[in-house]
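# Got a predicted structure plus its sequence, pasted below:
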Amino acid sequence: MNLLEILERNLQQYLTIMINKKIVRQGIFVLFSVNNYYINLIIKNSKGENKVFEFPYPFKATQTDKRIVLSYKNKEIVGNDPEILKIIKNYTKLKNSKLLDNEIVFLVGNIVK
């Protein structure tokens, strides 16, 4: 199942979005759109406000039961080639992004405090 099918399947569900085990958004997943290489989610929070969560298209997306994982891990694009991973790791030290060699986790149907 691809990412767009996963998102469609979870519309109108309560989502908790986490990066580095830190909650960045919570609420009802209302709508999504795709623009070039970015995906925008509209989440209705507990105050009834619509908030947008934008993220780049991941290298890999998986769903297991009530958990969606969007992977930006370097190994997803190069496999387990240690030389290329080392080059990428040295390059990513120069970039300041929360998503480099990381994951976004969506917990579906769970209210996390």
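Looks like it came in fine. Numbers count the residues shown, from 1 in each chain.

# Who are the packing partners of the strand ranked longest in the chain?
Longest strand in the chain by number of residues (criterion: DSSP state E): strand 22-35. Applying 3 or more C-beta pairs under 8 Å, 6 or more residues apart in numbering; DSSP states H and E, one finds that strand 22-35 makes contact with helix 3-9, strand 14-19, strand 38-44, strand 50-56. Glycine gets a C-beta too; all of them are placed from N, C-alpha and C.

# And the pLDDT at Asp81?
With respect to pLDDT, Asp81 scores 81.

# contact partners of the longest strand of the chain?
Strand 22-35 is contacted by residues 4, 7, 10-18, 39-46, 50-51, 53, 57, 111-112 when judged by C-beta atoms under 8 Å, 6 or more residues apart in numbering.

# Relative to the whole chain's centre, how far out is the longest helix seen in the chain?
Longest helix of the chain, by residue count under DSSP state H: helix 82-92. Taking C-alpha atoms, centre = their mean, to the nearest Å, the mean C-alpha location of helix 82-92 is offset from the chain mean by 22 Å.
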